[in-house]
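Colleague: can you look at this prediction? I've put the sequence above it.
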Amino acid sequence: MRIAILAIPLVIFIVLVGFLLRGLFSDPTELSSALVGKPVPEFVLPDIYQPETLHDQSVLTGQVVLLNVWATWCPTCRAEHEYLNQLAAKGVAIIGLNYKDDSRAKAVNWLNTLGDPYQLNLFDEMGSVALDFGVYGAPETFLIDADGVVHYRHVGDVNERVWAGELGQRYRALVEAQSGGAS
C-alpha cells in the first residue's frame, strides 16, 4: 500500500514531463485550423479607406489570395510588411484584415507610410471576423482558393524563408491548378 502511494506522485511527474516536452519541441507556427478545407466564414466589414463601403466574404473568391491579418500595434506585422510589398509587386494577391486597431486613421497612416501591399483592406475593429477565422494574434496568413476555401494557415510573419517553403509552394500550386496548369 505504501509503495502505491509513493508511485502516484512519480506517475504524475512523468506525465507532466511528457506533456511539457511535447510542447517544448512543437512548432508554434504550425497551429492547425478548423477552417482548412472549409469555406471562409461569412462576414461584412467596412473598407479601411472608405468606411461606408462594406465588403463580404465574396472578396475572398475569384482568385487565389492570401488573407493577411495585421495590426499597427504588432511589431512582427511591421517586420513582415516590406516582404508583403515585394510579394504584391510580383503579382501575389493579398487581402488585408486589420485586426483590433483602435484607430482607422492610425491604420491608414501606417499603410501610407510603409506602403500598401493589399488589393483591399478590411477593418475588423472588434476582431470578430478574425475570431471566426480562429486567429490567435497578428500576424496570421490564410491561403484561400478561388472558390473561397481555406487551404492553409501560417502563424507568424511571412518572409523569404516562409515563402520559399510551404506557404509559397502551396500558393503557386493553387494558382497553377486554377489556371489549368498553364504558367
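Modeller: Nice, thanks for sending it over.
Colleague: what about residue 131, helix or strand, and which?
Modeller: Assigned by DSSP states H and E, residue 131 belongs to helix 128-133.
Colleague: next SSE downstream of that helix?
Modeller: strand 140-144.
Colleague: that following strand pairs with which strands?
Modeller: strand 65-70 (antiparallel), strand 150-155 (antiparallel) (DSSP bridges).
Colleague: any chance of those in JSON lines, plus mean pLDDT, distance to residue 169 and mean neighbour count?
Modeller: Where you see a C-beta, it was placed from the backbone N, CA and C, and this is true even at glycine. Formatted as JSON lines, the strands paired with strand 140-144 follow (pLDDT from 0 to 100; distance: least, Cβ to Cβ, whole Å; neighbours: other Cβ atoms under 10 Å):
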{"stretch": "strand 65-70", "mean pLDDT": "98", "distance to residue 169": "13", "mean neighbour count": "26"}
{"stretch": "strand 150-155", "mean pLDDT": "96", "distance to residue 169": "10", "mean neighbour count": "20"}
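Colleague: distance to residue 162 for those strands - can I get that in TSV?
Modeller: Listed next are those as TSV, based on distance: least, Cβ to Cβ, whole Å:
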stretch	distance to residue 162
strand 65-70	11
strand 150-155	6
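Colleague: now the helices for this structure?
Modeller: 2-24, 75-89, 104-114, 128-133, 160-164, 166-178 (DSSP state H).
Colleague: next, the angle from the third one to strand 65-70.
Modeller: So that's helix 104-114. 110 degrees (axes from the mean of the first three to the mean of the last three Cα atoms, to 10 degrees).
Colleague: and for the second one?
Modeller: Compare the direction of helix 75-89 with that of strand 65-70 by the same axes, to 10 degrees and you get 150 degrees.
Colleague: what residues of helix 75-89 count as buried?
Modeller: By neighbour count with 16 or more other Cβ atoms under 10 Å, helix 75-89 contains the buried residues 77, 78, 80, 81, 83, 84, 85, 87, 88.
Colleague: how much space between the nearest residue to the fifth one once chain neighbours are set aside and residue 139?
Modeller: With sequence-adjacent residues excluded and distances taken as Cβ to Cβ, 6 or more residues apart in numbering, residue 83 is closest to residue 159, at 5.3 Å. As judged by Cβ to Cβ, to the nearest Å, residue 159 and residue 139 stand 11 Å apart.
Colleague: which stretches of this structure aren't confidently modelled?
Modeller: 1-4, 6-33, 181-183 (pLDDT under 70).
Colleague: so what's residue 166 up against?
Modeller: Listed by Cβ atoms under 8 Å, 6 or more residues apart in numbering, the contact partners of residue 166 are 152, 154.
Colleague: if I look at it, how far off is residue 152?
Modeller: From residue 166 to residue 152 the distance is 7 Å (Cβ to Cβ).
Colleague: what about the nearest residue to residue 41 once chain neighbours are set aside, how many residues nearby?
Modeller: Distances taken as Cβ to Cβ, 6+ apart place residue 132 nearest to residue 41, at 4.0 Å, with adjacent residues excluded. For residue 132, the count of nearby residues is 15 (other Cβ atoms under 10 Å).
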